[in-house]
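# I would like to see how this sequence folds:
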Amino acid sequence: MNFIKLNQVDIFQREKLVLKDINLSINQGEFIYLVGKTGSGKSSLLKALYGDIMVKNGTLTVLDQSLINISKRKILSLRRKLGIIFQDFQLLSDRSVKDNIKFIMKATGWKGKSKINNAIDELLSKVNMLEKANQFPYQLSGGEQQRIAIARALINNPNVILADEPTGNLDPQTSEEIISLLFEICGNGKTIVMATHDYDIINKFPSTTYKCDQQKIEKVQTVVQ
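Take a look at the predicted model:
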């Protein structure tokens, strides 16, 4: 099943064309790396997939939802089916780990105190962070904050997870731990698309890799920095 499909898609950042005539299909359970120089279009592609950049030509579908001229209401509905992980974690500094996750749950329609609390415990257990539930982001290491961000991305049991440089602010050992966790999640049937500059990670955790270069995307067999 194609969870993500692009056919003859052009992607712009404002008025600048960054990717042209893109054809790409990504199936359930795939782990896809996107590599390329800064400004080559990796992040723009991810933004197009979750509706932050509008695509006006070609065809683009994510989980059977067309993103061509999509309404804001449908974008919000689609994002509830996606998990999105950012380089800078984007945790709320004035709330505990537990309250960070609870905030997103309530915003996406979760109800019932007991149900929410049980789900939070389950999510934090999945990323080995249950003992940190009452701490605040500033009390956590970068790797711990990214684990919380991953737990947050899993709130609505998404079939697709989009990760934009998730190891960009982490040391090598912590980066490996985070990627190992993402591969474990992928092994449970999730599709993961990850933009990265970290070629060491790709070599240690090889998977299908596409390179963004000169407004094109092409599959590469080997990756060299």
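
# Low-confidence ranges, this protein, go.
For the chain, the stretches with pLDDT under 70 are 1, 222-225.

# now do 80
Applying pLDDT under 80 to the chain flags residues 1-2, 56, 221-225.

# Give the residue farthest from the middle of it.
Largest separation from the mean C-alpha position in the chain: Ser114, at 28.1 Å (C-alpha atoms, centre = their mean).

# Secondary structure class of that one, three-state.
Recorded secondary structure, Ser114: helix (DSSP: H, G, I helix; E, B strand; the rest coil).

# Distance check, it against Asn57.
48 Å (C-beta to C-beta, to the nearest Å). Glycine gets a C-beta too; all of them are placed from N, C-alpha and C.

# Equivalent analysis for Asn159, please.
Distance from Asn159 to Asn57, by C-beta to C-beta: 26 Å.

# Give me the more crowded residue out of these two.
For the pair Asn159 and Asn57, the greater number of neighbours falls to Asn159 (17 against 12), based on other C-beta atoms under 10 Å.

# my guess is that one meets Asp64, correct?
No. Counting by C-beta atoms under 8 Å, Asn159 stays clear of Asp64, with 10.5 Å between them.

# So which residues of the protein form strands?
2-13, 16-27, 31-35, 59-62, 65-66, 82-85, 160-164, 191-195, 208-213, 216-220 (DSSP state E).

# Can I get the last one as PDB, trimmed to CA atoms?
Provided in PDB are the C-alpha atoms of strand 216-220 (Å, rounded to 0.1, in the frame of the first residue of the first chain):
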ATOM      1  CA  LYS A 216      15.500  16.500  -8.200                       C
ATOM      2  CA  ILE A 217      15.200  13.500  -6.000                       C
ATOM      3  CA  GLU A 218      16.900  10.300  -6.900                       C
ATOM      4  CA  LYS A 219      17.400   6.900  -5.200                       C
ATOM      5  CA  VAL A 220      21.000   6.300  -4.200                       C
END
